[in-house]
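Asks: What follows is a predicted structure for the sequence shown.
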Amino acid sequence: MSQGTLIASAPPAVAPRGGLRRLARRNSTIAFLLTLPLILLILGLVVYPFLYALYLSTLNKRMTRFIGLENFTFLFTRETFWNVVFQSVLFAVSAVVLKALIGFILAHVLHALPSKGQRKWRGMLLVPWVVPPAISTLAWWWLFDPSYSAFNWALMGIGVDPVPWLGQSGWARFSVILVNVWYGSPFFMIMYLAALKSVPDQLYEAAAIDGATGWQKLRHVTFPMMRNIISITVLFSLIVTFANFDIVRILTNGGPQDTTHVFATYAFQVGIQSGDIPLGASVSLFMFPLLAVFAIFTLRGVNKRSKEMA
Amino acid sequence: MEGNGYPRRTVLRAAALGAAASTLPLVNVHGQSSGGRLALGLWDHWVPAGNDAMRKIVTEWGQKNRVEIQLDFITSVGNKNLLTIAAESQARQGHDMLSFPTWEVHAKQDLLEPVDDIMGRLSQKYGALNPIVEYLAKVEGKWRAVPAISGSQNKPALGRIDLLKQHGGLDIQAMYPANTTTGTGAKEWTWDAFLKAAEGCHKAGFPFGLAVGQFTDATDWIGSMFRSFGAELVNSKGDITAKTDNVRAALEYAKKLCAFIPSDVFSWDDASNNRALISGKSALIFNPPSAWAVAKRDAPQVAEHCWTFPSPAGSAGRFTPYLPYFWGIWSFSRNKGAAKALVEYLSEREQAEAMVAASNGYDIPPFTSMTDFKTWETEGPPTGVVYNYPVKPHHQAQQFIACYPAPPEIAVQMYNQGIQAKMIARVVQNNETPDRAIAWAEREMEGFKRG
């Protein structure tokens, strides 16, 4: 009886320990535990601020009253806000296209170099991406400085009139895009270089046997093999470029005449500097649906291609 | 309990002792400083000695009153002070007292402790205050902050004596000597005379350094210029009053003036005009004496030819750009009594004089009776360079904040978005007519009126 009792009571004592061990041994549990710090970081630094911004955007200027979507409908009536939308799209799309193009070319040039020299060039070309953007943008600001621009000094040396880099809308837009391209191209370059290195040589050999030209190899071998990495890199860069703050803030502060403002700088000016935090939150949230739609289509394409390849 | 070797009672006793011990530091703080603890977030002064002087004053007061002081200097570079204010107002905790820049008192009025008692005593002691601080810190009849000495600044004309005499036809030292009189030419010191001098200096290769971008130096001088033409974009009731001949006249004047200043002024920031003066390329800027102080260190040959004097007058009067700071006490402060006592102490004449001396005359007290400190007479070279930096009765000028008298919740948006500078940019860069620029400004300001 006592033995029977012992046997009967033993499983509850052993089962949790065994269950726990089994649970701990499961790959998904380990994966969850390893990603937990990141999940907590995302919850604290992305999800919570996002939800809080959503809440703020539904309040009136003094943050004393719920006004629903009035901040958004108000923004739709503002001329300056539509200029900001236009400039943000122009800034992000043109900068990302240029970065992708330059990164693609640089990656191919680097890939073609012998591995000894390649490392040196790779290191040098990564420098713009490694330097904190606030510091490098300050250096650019000195180059563009209205009165003491080094560029203008060089231009005047060859008899060309000085250029109002930051003083006229067109040039100011060009300048902020140029700095963003300079800063972001190495990211594309390194991602594309990694992708290029993973394309099996046999594919090129087979293409060569079939008599493919360089362009045909690029179009029918390289490009299809890189499509996923191109899509993801473009998506990441578009998100970061849309949310850019420091370059515009340091170079132009949104001027002249608000023509270089992007969502983040305009949100800062409206929300923090002018004391309308709910409206600032609404401006900053405006880029979310734009990016969400783009992200959904891009990731769907990536998934589809991954399944096809599998 | 078997296995760990600690009986339940031992664990409980240890926990109780730990809890008691953890309260000890608090007890000690109270034991050492009966006035409690005070956390201050004050403006990080441009002039390095300004922070040292403030630390000395505050520390001495803390020791005398047995208050434990925690002092942070918060920079306005990158708007870090604004971010701090925004964060603390959201969290309802942080410092007990903060330095509030120009527009922030109105923005945070609900969270600021009324300070009518302090202002009453100070006014009784030191007399009249300038009306701008009342406009910025008195909300619905109650003072929500005390105008600060540290950080408050005027932005009068700061010109080159030699260049203005040679190319602009102005003897600024004779017009505004370092005493309580005005000389020949002071009465004629108008925006028309300014334009003539600007043209002369431009032709000689020393154009006036007037920013027309979206930073405060631009907004401030342009605001004063508009005001002296009687050009008011929004009145004190919040009605848009931009479509007037005075506004048109101000824009037309600005267009003429822009022909004689560098074409890149639309992208100048608050440092660009300083650099223009210090490098010897410009004959005049509107600025506090910080530009002269840097020149004294880096370009003494420029500094010794500098002189501060009032802004030109227009048909509606003479207005000197003014940018005050305030000392405000959060309503959620745990030591309001000590904070109030300190603010009052800092506002007294002795402390004000010490701050003005430490900042080489940069700081401007809010009381007219405090514009006679020795520092402004003795600073140099040239001696008396900043004598006319504070607005004195013989200047026949008023301190002015751009966008006044619009209700502050509208004015702050007009100010920070540089609405007047943008109107000028439209007229000059886009060749728009003044009426078109006014129509654009009206649409913008209509949006600023939302509650």
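Replies: That came through, no problem.

Asks: got the residues of chain A near chain B?
Replies: Contact residues, chain A versus chain B (Cβ under 8 Å from any Cβ of the partner chain): A:60-62, A:74, A:77-80, A:145-148, A:164-169, A:172, A:252-258, A:268-270, A:272-277. Quick note: C-beta positions are derived from backbone N, CA and C, even for glycine.

Asks: go with 6 Å
Replies: Contact residues (Cβ under 6 Å from any Cβ of the partner chain) of chain A with chain B: A:61, A:78, A:146, A:164, A:166-167, A:253, A:255-257, A:272-275.

Asks: now for these, which pair is the farthest apart?
Replies: For those, the maximum inter-member distance is 36.0 Å, found between A:61 and A:164 (Cβ to Cβ).

Asks: These two: who's more crowded?
Replies: residue A:164 (23 against 19; other Cβ atoms under 10 Å in any protein chain shown).

Asks: circling back to that earlier point, any chance of the residues of chain A next to chain B in a markdown table, with secondary structure and pLDDT too?
Replies: Formatted as a markdown table, the residues of chain A next to chain B follow (DSSP: H, G, I helix; E, B strand; the rest coil; pLDDT from 0 to 100):
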| residue | secondary structure | pLDDT |
| --- | --- | --- |
| A:61 | coil | 88 |
| A:78 | coil | 91 |
| A:146 | coil | 71 |
| A:164 | coil | 88 |
| A:166 | coil | 91 |
| A:167 | coil | 88 |
| A:253 | coil | 89 |
| A:255 | coil | 83 |
| A:256 | coil | 90 |
| A:257 | coil | 90 |
| A:272 | helix | 88 |
| A:273 | helix | 87 |
| A:274 | coil | 86 |
| A:275 | coil | 83 |
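
Asks: List buried residues within those residues.
Replies: Taking 16 or more other Cβ atoms under 10 Å in any protein chain shown as the criterion, what is buried in those is A:61, A:78, A:146, A:164, A:166-167, A:253, A:255-257, A:272-275.

Asks: Tell me the one among those residues nearest to residue B:308.
Replies: residue A:146 (24.6 Å).

Asks: Go ahead and confirm residue B:369 touches residue B:128.
Replies: No: in this structure residue B:369 lies outside contact range of residue B:128 using Cβ atoms under 6 Å: 7.8 Å.

Asks: hey, which helix is longest across chain A?
Replies: Among the segments of chain A that qualify as a helix by DSSP state H, the longest is helix A:79-112.

Asks: Just name whatever secondary elements it is in contact with.
Replies: Helices and strands touching helix A:79-112, by 3 or more Cβ pairs under 6 Å, 6 or more residues apart in numbering or on different chains; DSSP states H and E, are helix A:115-130, helix A:169-197, helix A:223-242.

Asks: I'd like to know which of those lies nearest to residue B:215.
Replies: For the helices and strands packed on helix A:79-112, the distance to residue B:215 is smallest for helix A:169-197, at 14.7 Å, taking Cβ to Cβ.

Asks: tilt between that closest one and helix A:115-130?
Replies: Computed by axes from the mean of the first three to the mean of the last three Cα atoms, to 10 degrees, the angle separating helix A:169-197 from helix A:115-130 equals 140 degrees.

Asks: contact partners of the following helix or strand past helix A:169-197?
Replies: Next along the chain after helix A:169-197, taking DSSP states H and E as the criterion, comes helix A:201-209. Residues outside helix A:201-209 that contact it (Cβ atoms under 6 Å, 6 or more residues apart in numbering or on different chains): A:217, A:221.

Asks: could you give the mean pLDDT of the next helix or strand after helix A:201-209?
Replies: Going down the chain from helix A:201-209, the next helix or strand is helix A:214-217, by DSSP H and E. Averaging pLDDT along helix A:214-217 gives 89.

Asks: Buried residues, helix A:214-217. List them.
Replies: Using 16+ other Cβ under 10 Å as the test for burial, helix A:214-217 gives residue A:217.

Asks: Can you pull out the residues in contact with the host helix or strand of residue B:352?
Replies: For residue B:352, the enclosing helix or strand under DSSP H and E is helix B:349-358. Outside helix B:349-358, the residues that touch it by Cβ under 6 Å, 6+ apart are B:49-50, B:53, B:57, B:149-150, B:363, B:365, B:370, B:373, B:375.

Asks: what's the answer for stretch B:103-118, then?
Replies: Contacts to stretch B:103-118, defined as Cβ under 6 Å, 6+ apart, come from residues A:275, B:85, B:89, B:136-137, B:139, B:142-146, B:326, B:328-331, B:336, B:340, B:344, B:408, B:412.

Asks: what's around residue 189, how many residues?
Replies: No chain was given, so I picked chain A. Neighbours of residue A:189 (other Cβ under 10 Å): 24.

Asks: Hmm, no, I was thinking of chain B.
Replies: If you count neighbours by other Cβ under 10 Å, residue B:189 ends up with 23.

Asks: Check what pLDDT it gets.
Replies: 97.

Asks: Not counting its neighbours along the chain, what's nearest it?
Replies: The spatial neighbour of residue B:189 that comes closest, neighbours along the chain excluded (Cβ to Cβ, 6 or more residues apart in numbering or on different chains), is residue B:312 at 5.4 Å.

Asks: so for the longest helix seen in chain B, what's the average pLDDT?
Replies: The longest helix of chain B (DSSP H) is helix B:48-65. Averaging pLDDT along helix B:48-65 yields 93.

Asks: And that helix, how far out from the chain middle?
Replies: Per Cα atoms, centre = their mean, to the nearest Å, the displacement of helix B:48-65 from the mean C-alpha position of its chain is 21 Å.

Asks: ok, then the element right after that helix?
Replies: Moving toward the C-terminus from helix B:48-65, the next helix or strand (DSSP H and E) is strand B:68-74.

Asks: Now do that next one: which elements does it pack against?
Replies: strand B:37-43, helix B:48-65, helix B:80-91.

Asks: would JSON lines of those with distance to residue A:37 be doable?
Replies: Putting these into JSON lines (distance: least, Cβ to Cβ, whole Å) gives the following:
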{"stretch": "strand B:37-43", "distance to residue A:37": "32"}
{"stretch": "helix B:48-65", "distance to residue A:37": "39"}
{"stretch": "helix B:80-91", "distance to residue A:37": "25"}
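
Asks: Of all the ones you listed, which one is nearest chain A?
Replies: Closest to chain A of the helices and strands packed on strand B:68-74, according to Cβ to the nearest Cβ: helix B:80-91, at 5.3 Å.

Asks: Quick one: work out the angle between that closest one and strand B:37-43.
Replies: On the basis of the same axes, to 10 degrees, helix B:80-91 is oriented at 140 degrees to strand B:37-43.

Asks: Using CSV, write out every CA atom in helix B:80-91.
Replies: C-alpha atoms of helix B:80-91 as CSV (Å, rounded to 0.1, in the frame of the first residue of the first chain):
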residue,chain,number,x,y,z
LYS,B,80,18.0,69.7,-25.6
ASN,B,81,16.4,72.1,-23.1
LEU,B,82,13.1,71.8,-25.0
LEU,B,83,13.3,68.1,-25.1
THR,B,84,14.0,68.0,-21.3
ILE,B,85,11.0,70.3,-20.7
ALA,B,86,8.8,68.1,-23.0
ALA,B,87,9.9,64.9,-21.3
GLU,B,88,9.5,66.1,-17.7
SER,B,89,6.1,67.6,-18.4
GLN,B,90,5.0,64.2,-19.8
ALA,B,91,6.5,62.2,-17.0
